[in-house]
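K.L.:
Need a 3D model of the sequence below.
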Amino acid sequence: MSDNEPAPHLHLLSSFELGWNGLNLIYELEPADEMPETDLEHHFILIAENDFRASFMLNGSWQEVDYASGDIAIIPATQSIPRTFVDREVPLIELFLAPEMLARAAFDSGDADKIELVPQLHLCDPLIQHMGLALKQELAAGGADSRLYAGSMGTALAVHLLRRYCSFTPEIKNYTGGLCKYQLRQVFNYIDEHLDDNLSLEKLSNLVQISPHYFASLFKQSTKITPHQYVVKCRIERAKQLLRLRELTLVEICHQVGFQSQSHLTRVFRQQVKTTPKAYRDAL
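P.N.:
Down below sits the predicted model:
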């Protein structure tokens, strides 16, 4: 094992500068080197993007674990990441879930005081892998609406961790009935008036004074789509209206509908409308 300083880590993507709340992501090239024991304030989830071998210092001896692409490790915020040696350079997706996200999801079950996330050095969980890959793609796109997407994904991840990897498995409530008409109108009006703002799941759920997990579940029951999908739909519809008016440039339209760049607007517009904003305007 190396006695030198840890090799530098190349962060290819990071959400920590984008204002994500409750869940963050780093996509990095982990060097072939030894890392010291580390304490984090977040629950840490590692997703391998290639094969490698990690050696962990546990109880005074090295324990080797072979990872394949897609394999996962989970370290709770209450425990240190052990001293680790990685045998080769490997790309990793690293998720950082705020403890309050797990606690909030547990509070919905009524058993928050009993919840303890159990460490997992090696497991296969296709759902967590899919979440990590989806968040990585959203981060790479760099859109303003990624904050709402990340908040929604963080809520879903917290519920999944509660169901699968806690020492006490709570009974997660299945809410039915959807939001009432008054609540839906309140949320719809707020979204319509703040399309250029940071529309987080927490902000939307606070409007009707219920938890993010509860809100996301009831919203989808009422609308058949997630809050993030609804906001994207509204932003694209507003963009189409502004394109028809021909008074604003594409860059100005981006800012008015909550996209940070013309390239991000173009990508999402093509996904939703099957053409680009310029082609849509030229065809009018």
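K.L.:
Which element, helix or strand, includes Val65?
P.N.:
When secondary structure is defined using DSSP states H and E, the element that contains Val65 is strand 61-67.
K.L.:
Contacts for that strand, please.
P.N.:
Ala48, Asp51, Phe52, Arg53, Ala54, Ser55, Phe56, Met57, Ala73, Phe85, Leu121, His122 (C-beta atoms under 8 Å, 6 or more residues apart in numbering). To be clear about C-beta, it is placed using only N, CA and C from the backbone, and glycine gets the same treatment.
K.L.:
Return the distance of the third one relative to Leu95.
P.N.:
To tie it back to what came earlier, the one meant is Phe52. Counting by C-beta to C-beta, to the nearest Å, the gap between Phe52 and Leu95 amounts to 18 Å.
K.L.:
Have a look at those two and say which one is more surrounded.
P.N.:
Using other C-beta atoms under 10 Å, the more surrounded residue of Phe52 and Leu95 is Leu95, with 25 against 21.
K.L.:
returning to what we had before: which two in the contacts of strand 61-67 are spaced the farthest apart?
P.N.:
Pairwise distances across the contacts of strand 61-67 (C-beta to C-beta) peak at 21.6 Å, for the pair Asp51 and Met57.
K.L.:
Tell me the buried residues within the contacts of strand 61-67.
P.N.:
Ala48, Phe52, Ala54, Ser55, Phe56, Met57, Ala73, Phe85, Leu121 (16 or more other C-beta atoms under 10 Å).
K.L.:
close enough to count as contact, the fourth one and Phe85?
P.N.:
It refers to Ser55. Yes. Taking contacts as C-beta atoms under 8 Å, Ser55 lies within contact range of Phe85: 4.3 Å.
K.L.:
what about Phe259, how many neighbours?
P.N.:
Here the neighbour count serves as a burial measure; for Phe259 (other C-beta under 10 Å) it reads 29.
K.L.:
Angles on the backbone of it, please.
P.N.:
In this entry, Phe259 is assigned phi and psi values of phi -100, psi 140 (degrees, to the nearest 10).
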